[in-house]
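Enquirer: Mind looking at a prediction? Sequence and model below.
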Amino acid sequence: MRREGVIIRPVYRALARVGIVLLILITAYCFNLVVSNTINDYVTEIIKQCGIAIILAVSLNIVNGLTGQFSIGHAGFMSVGAYTGASITYWVEMAYFHGQNQNLGLQWLLVAMLGGGIAAGICGYLVGVPSLRLRGDYLAIVTLGFGEIIRVLIENSAEISPSLKFLGGAVGFVGASGYYQVPLISNVFIIYATAAFVILLCWNLKFTAHGLAFMAIREDEVAAEAMGIPTTYTKVIAFVLSSFFAGVGGALYAHAEFFQPITFNFILSMNYVIMVVLGGSGSITGTTLAAIFLVVLPEFLKPVQHRFGLPDAYRVVIYALLLILTMLLRPQGAFGMGELSLKPLVERLKSRRGRTPTSSSVQQTTSVSWAQDQEVGNAVAEREGVRPTEQVLVVENLSKKFAGLSALSEVNLYLRKGELVGLIGPNGAGKTTVFNILTGVYEPTEGHILFCGKTIAGKRPTPFAPHLVRALRDTLFGGAGGWILGTILATSILPSSHRNVHTLEVEHVLEWIITLSFAAYAFIVSWRANRYLPGLQPHQMAELGISRTFQNIRLFANLSVLDNVRLGAYLRRSTNLFDALFRSERLQKEEQESVRKARELLNRFNLLRFEKELACNLPYGDQRRLEIVRALATQPKLLLLDEPAAGMNPQEKMQLMELIRRIREEFELTVLLIEHDMKLVMGICERIYVLDYGRIIAEGKPEEIRNNPEVIAAYLGEEHLSKPTADDSWNRVSIQDAEEAL
Ligand SMILES: Nc1ncnc2c1ncn2[C@@H]1O[C@H](COP(=O)(O)OP(=O)(O)OP(=O)(O)O)[C@@H](O)[C@H]1O
């Protein structure tokens, strides 16, 4: 039996995969046979259009639906795929068949699709890297511009370079001779087989931790970073994947219909956006059905169009109306995030057979390297008497300025391993700013932060030689970039018709000036970056073991409770995007393990009963607890809790105190707690730091803080210090006032 479990099962799985591929191919083949033998050419064209629309809409859904970005230039990537694919088959025809044979084999179409996909993917990368760094609508603007730029470039291709004449300019792809026709070798079989594979890959992706990471970004980018998800990288990956599939769809289109640059206009891009919105942003089956619906709908409306003599552009009005109705009646689209799926049925059958997921160990990985630094640790050891090995966190002279406002100045604090420390202070004292710096949300203006003996922000003790080598290396790259940019700028500033020996000289000087400026800038930036580490990215901090909760709960509201916690395992994953797309063996094991661990955690905190609920549907207190559980799922060494008791009733606060004590012990954590509830802070913290106007005004045990006049003054004002002091009762009275005031 054991032998069967170890050896034969993988064989079955491999066979099942081959079976799925064969099934898709056979189904598409049969569909092609039925369509080509029984249906007229006109309807066949519409069926082909549906297939291509499915590929485009499902691929756009990766960016607009799953990742929550807004791309409105999908037709631009499609056109890159179409022109690349058509160029490939054109050159093959020229090379092998001298332009005579229009019956290229399927293998060349596959090469054209791959080429189209890769070209569009590269464009996706070039567009995505600068625009996806920023949050907001930049991507929409850039993709809109990209679609238009590609169109204009192709229309004017012959003017740009005579060697691009074969693209045909505004007339359409006509080859160098001017009358070439792209072979129409995209049949129903290849289109639907491709559509099925695109759906299958997106489906695989959506239901793994990798797909969850995409959705986490859509829900809340800041929280996603805090869970160790590199948001820019993940968004770029999603965008490149989506562009790749759009390119594949474009190549198929090029070999199915005659096309011109204007074919891939803004209206086509908007059609795909509407398909995603109508079907449900994030829903693969919804998007697929919406694609079919929106391609077929105008055909059914043809009699109406003819009856009233409407122009073809009436479709835009219909689509706009559909969009408005969807927004009003069902903003999440027909299927929302959900899918038409057999999964519930399969799960029920499985549970009847009593199957449970197998467990396996998940390899822990960390890619972050950081500078070793003993100096600061030793200084703190001398001053505070805490050995460097005991120090989890050391913050030295930390300052943060926002424009003119000094939010933190010269803050010093340290945390011993396993300590539970409070950080208190009046509103606006700078507590959350400390957390934001410790988790990489803000860069410190000055100061040094050590985490477990290593510098995570501050001056780096790098030796001079490697420092110089690195700066020179970056300068070289920066210089090369400057040279290319210089050439482009210089050639575009000076029109070619006006060039003479004199202008060429000017051009040359201009190139050198731009190149040298870039090189100098790159050298300065690199030199400074090497000397001072401004802080790691939030996902890198999470990877090192710093996890946090937020003052205003930041759960992934539209993901299930289980998925919220599962995302904790994301940063310790050992699988990549290809594992997710093709559901590799190790990915399946890792997924089972992450689900098992997440359920175990939920069970320990009595939240398992909510595992399938959306996080936003939980009662307030449970949401707060879930946020803590989610932070624990990242396996942190240091947990930062930002006002966990906010909005809780007294009973919930008592339970929270117990919970914090418990997790500190069970998970061997060091905890830094921001809290306004004095009873809670005084009740559980071993030491307390008090911040006021960005400065630490007191540090000590709860009873020391309770009796510290400066703390009382900070909370209640200077006048309380001038109270009669015949006995020490004023201290107690004042702190009671303070507790009540807070
Ligand atoms: N991104 C920002 N830009 C400008 N000012 C900021 C920014 N973040 C915080 N500040 C300012 O820094 C100061 C400290 O804010 P912070 O949120 O850290 O205080 P806090 O002690 O956490 O307050 P509270 O208890 O009310 O949450 C405030 O004056 C705040 O307005």
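Expert: Cool, got the structure.

Enquirer: near the ligand, which residues of the chain show up?
Expert: 402, 405, 407, 425, 427-433, 551 (Cβ under 6 Å from any ligand atom). The way it works is simple: take the backbone N, C-alpha and C, and place the C-beta from them, glycine included.

Enquirer: buried subset of those residues?
Expert: Buried members of those, scored by 16 or more other Cβ atoms under 10 Å, are 407, 425, 429-433.

Enquirer: What is the most widely separated pair among those?
Expert: Using Cβ to Cβ, the two most remote members of these are A407 and G425, lying 11.7 Å apart.

Enquirer: among the buried ones among the residues of the chain next to the ligand, which are in helices?
Expert: Counted as lying in helices by DSSP state H, out of those, are 431-433.

Enquirer: Can you give me the distance of G422 to I705?
Expert: G422 sits 8 Å away from I705, going by Cβ to Cβ, to the nearest Å.

Enquirer: Quickly list what's touching both of those two.
Expert: Shared contacts of G422 and I705, defined by Cβ atoms under 8 Å, 6 or more residues apart in numbering, are found at I688.

Enquirer: Show the average pLDDT along the one helix or strand L349 maps to.
Expert: L349 is part of helix 343-353 when elements are defined by DSSP states H and E. Helix 343-353 shows a mean pLDDT of 68.

Enquirer: in the stretch 151-300 of the chain, what residue is nearest the ligand?
Expert: V222 (12.0 Å; Cβ to the nearest ligand atom).

Enquirer: Give me the nearest residue to that residue, chain neighbours excluded.
Expert: The shortest distance from V222 to any non-neighbouring residue, by Cβ to Cβ, 6 or more residues apart in numbering, is to R554 (6.4 Å).

Enquirer: Ok, I150 next?
Expert: Nearest one to I150, counting by Cβ to Cβ, 6+ apart, is G76 at 4.7 Å.

Enquirer: Contacts only, for the one you found.
Expert: 123, 143, 146-151, 264, 269.

Enquirer: Mind picking the one among those that's closest to the ligand?
Expert: T143 (28.7 Å).

Enquirer: What about the closest residue to that closest one other than its chain neighbours, how many residues nearby?
Expert: Excluding the flanking residues, the one nearest T143 by Cβ to Cβ, 6+ apart is G73, at 3.2 Å. Neighbours of G73 under the rule other Cβ atoms under 10 Å: 30.

Enquirer: G73 and G145 touch, don't they?
Expert: Yes. Between G73 and G145 there is a contact under Cβ atoms under 8 Å: 7.4 Å.

Enquirer: on that earlier part again, okay if I get the ones in helices among the buried ones among the residues of the chain next to the ligand as JSON lines plus pLDDT and distance to R17?
Expert: As requested, these are exported to JSON lines (pLDDT from 0 to 100; distance: Cβ to Cβ, whole Å):
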{"residue": "K431", "pLDDT": "94", "distance to R17": "53"}
{"residue": "T432", "pLDDT": "95", "distance to R17": "49"}
{"residue": "T433", "pLDDT": "95", "distance to R17": "51"}
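
Enquirer: Looking at those, which is nearest L398?
Expert: T433 (9.4 Å).

Enquirer: ok, for that closest one, nearest residue in space, not its chain neighbours?
Expert: Closest to T433 by Cβ to Cβ, 6+ apart is A407, at 4.6 Å.

Enquirer: which residues of the stretch 501-650 of the chain fall in helices?
Expert: Here the stretch 501-650 of the chain has its helices, by DSSP state H, counting those that start in this stretch, at 501-531, 538-544, 561-566, 577-581, 585-604, 620-632, 650-666.

Enquirer: Would you format these as JSON lines with mean pLDDT and mean neighbour count included?
Expert: Below are the helices of the stretch 501-650 of the chain laid out as JSON lines (pLDDT from 0 to 100; neighbours: other Cβ atoms under 10 Å):
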{"stretch": "helix 501-531", "mean pLDDT": "72", "mean neighbour count": "15"}
{"stretch": "helix 538-544", "mean pLDDT": "92", "mean neighbour count": "24"}
{"stretch": "helix 561-566", "mean pLDDT": "96", "mean neighbour count": "26"}
{"stretch": "helix 577-581", "mean pLDDT": "92", "mean neighbour count": "18"}
{"stretch": "helix 585-604", "mean pLDDT": "92", "mean neighbour count": "18"}
{"stretch": "helix 620-632", "mean pLDDT": "93", "mean neighbour count": "21"}
{"stretch": "helix 650-666", "mean pLDDT": "89", "mean neighbour count": "15"}
